[in-house]
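Asks: quick one, what's the 3D model for this:
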Amino acid sequence: MKPQTTVNELILNEEIELERRRNGQILGRLRILVVSSFFLLHLVMGYGFNKPAFIGKEYLLATYLIFAIFISLPPKQVRQVQLIREFSIPILDIPMTYFLLDAWIKTVGELGLEIFHIISMLGVAFMMFFVNLSGLFFSPRITIPVTLAGLALILHLFNKTVTPVDTRVAGFLLLSLTGYATVRISSRVKKLLSAAAEKQSLNEKLSRYFAPEVAAVIEKSENSDKLKQRKFEVTVIFTDIRGFTKLSSEMDGEDVIRMLNEIHEHLVSCIFLTGGTLDKYLGDGVMAYYGAPVKTDDHADKALECALMMRAQIAAYNEKRRIRGEPPIQIGIGIHSGSAIIGDIGAEIRREFTIIGDTVNTASRIESLTKKHQVDILLTSATRDRLSKPVQLRPLGVDEIRGTQHSIETYTL
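Replies: Numbers count the residues shown, from 1 in each chain. Down below sits the predicted model:
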């Protein structure tokens, strides 16, 4: 079964295709320049200096030049050009090279056929190798036709002349090895590019979700398995802005976005400063957790520390809002501890590193209960039991968890 293409591979293939088109345009212009130069050289040497060796080949060069100009036209003007351009080496360059070399055979007696054969082989081999790699043709579907066309060209020229067997063998080996080397090197280059894209994607995930200290631990492990689905003991924290709907309805859209960005900046800094993992933004709220993907025993303490830090940050932020003549905001923070599944979850085309399970659902319900109790921080007995440091807590009784048959003791600071 063929493996599915990942998002990184799709992006890489798209970037390669764009670069291939740009390189194709550059190579097309270079082809026109080279062919034009040879065309002018033959005209000057043949008819200006009366050199017989250069006479009679200008027709081939003119035909070559016309085709070179044609396949360099923008694809928007000629739709079939793109396909022809992709296979321009085997269907244009190599056949034209054959006809030009064939025309030169009759005039190389004074130079010696042996030198002519060597130059021909090296020229075709260089064209195969350089144009394939510079065109970013990482697929054998391009390289193989080029190799076969090059072999056919050289062997047919050899058959038209008295060529020693060792020269024929050398030509066959040279072009075969050139084709093989092109496939191997281009495959290696693509793997390196793909690996670089994967590493960049992993680094972006780390910087997005994890505190710098946690990201450093994962990166040093050089093991992306840290992001695969695993079960952890965690403490989950939810935050939410009180009365956000009413508040935002009285503000311009740009002011709402500015306010949310400022609040999220404060909340997320608290999460990262305490070593937590940002799971997602929930509109006017934030979800985070402690104890994964790097296992820690003090996840409940860290979550509570984060909640207290958030309380202080929002108080400082409200002072700035007061100075600006803006109303204060209030937040609710719900905390719950338990087991959860964490890892890259979702379809192959769009995955998200997240946490799922009953612990997450309960933490969300606890956050909503802060409105009922009119407190800004609410935690469960499951979190209280996991605290390693003594904390002054005020019990608020037993609460029913909406959507479940469970009830749980809740506390505030």
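Asks: CA only for contacts and neighbour counts going forward, please
Replies: Will do.
Asks: neighbours of Asp405, how many?
Replies: Residue 405: Gln, not Asp. For Gln405, the neighbour count with other Cα atoms under 10 Å is 7.
Asks: and it, how far from Thr362?
Replies: Going from Gln405 to Thr362 by Cα to Cα, to the nearest Å gives 12 Å.
Asks: His266 now?
Replies: His266 is 24 Å from Thr362, where distance means Cα to Cα.
Asks: over to Ile342?
Replies: Ile342 sits 16 Å away from Thr362, taking Cα to Cα as the criterion.
Asks: the two: which has the busier surroundings?
Replies: Thr362 (24 against 21).
Asks: look up which helix or strand the more buried one falls in, please.
Replies: Element membership for Thr362 (DSSP states H and E) is helix 358-373.
Asks: in this structure, which spans are strands?
Replies: 230-241, 277-282, 285-290, 331-347, 350-356, 377-380, 394-400, 407-412 (DSSP state E).
Asks: out of these, flag the one nearest Val35.
Replies: Set against Val35 and scored by Cα to Cα, the strands of the chain come closest in strand 350-356, at 47.9 Å.
Asks: can you list the strands that the closest one pairs with?
Replies: Sheet pairing of strand 350-356 (DSSP bridges) gives strand 331-347 (antiparallel).
Asks: avg pLDDT for the strand it pairs with?
Replies: The pLDDT scores in strand 331-347 average 86.
Asks: and the angle from that strand to strand 230-241?
Replies: For strand 331-347 against strand 230-241, the angle by axes from the mean of the first three to the mean of the last three Cα atoms, to 10 degrees is 140 degrees.
Asks: kindly export strand 331-347 (C-alpha atoms) in CSV.
Replies: Output in CSV follows, covering the C-alpha atoms of strand 331-347 (Å, rounded to 0.1, in the frame of the first residue of the first chain):
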residue,chain,number,x,y,z
ILE,A,331,-11.0,35.5,34.2
GLY,A,332,-12.0,32.1,35.5
ILE,A,333,-9.4,29.3,35.9
GLY,A,334,-10.3,25.6,36.2
ILE,A,335,-7.8,23.0,37.2
HIS,A,336,-8.1,19.2,37.3
SER,A,337,-5.7,16.3,37.4
GLY,A,338,-5.8,12.7,36.1
SER,A,339,-4.7,10.6,33.2
ALA,A,340,-5.0,11.6,29.5
ILE,A,341,-3.8,10.6,26.1
ILE,A,342,-1.4,13.1,24.5
GLY,A,343,0.2,13.1,21.0
ASP,A,344,-0.3,14.0,17.4
ILE,A,345,-3.9,13.4,16.7
GLY,A,346,-6.0,13.9,13.6
ALA,A,347,-6.0,13.1,9.8
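Asks: that strand to strand 407-412, inter-axis angle?
Replies: Relative orientation of strand 331-347 and strand 407-412, computed by the same axes, to 10 degrees: 130 degrees.
Asks: in this protein, which helix or strand is least confident?
Replies: helix 212-221 (a mean of 57; mean pLDDT, DSSP states H and E).
Asks: Ala68 contacts Ile32, doesn't it?
Replies: Yes - the criterion here is Cα atoms under 8 Å, and Ala68 meets it with Ile32 at 5.9 Å.
Asks: and those two? Which one has more around it.
Replies: Neighbour totals were compared for Ala68 and Ile32, and Ala68 leads with 23 against 19 (other Cα under 10 Å).
Asks: which residues touch the more buried one?
Replies: When contacts are counted by Cα atoms under 8 Å, 6 or more residues apart in numbering, Ala68 touches 28, 31-32.
Asks: and which of the residues you listed is nearest Gly283?
Replies: If you rank these by distance to Gly283 using Cα to Cα, Gly28 comes first, at 50.7 Å.
Asks: next, count neighbours for the closest residue to that closest one other than its chain neighbours.
Replies: Using Cα to Cα, 6 or more residues apart in numbering and skipping the chain neighbours, the partner closest in space to Gly28 is Ser72 (5.4 Å). If you count neighbours by other Cα under 10 Å, Ser72 ends up with 21.
Asks: tell me the phi and psi of Ser72?
Replies: phi -90, psi 0 (degrees, to the nearest 10).
Asks: against Ala303, how distant is it?
Replies: Using Cα to Cα, Ser72 is found at 62 Å from Ala303.
Asks: what does Glu400 give?
Replies: Look at Glu400 and Ala303: by Cα to Cα, they are 23 Å apart.
Asks: hmm, back to that, which one of the contacts of Ala68 sits closest to Ser88?
Replies: Nearest to Ser88 among those: Gly28, at 9.5 Å, using Cα to Cα.
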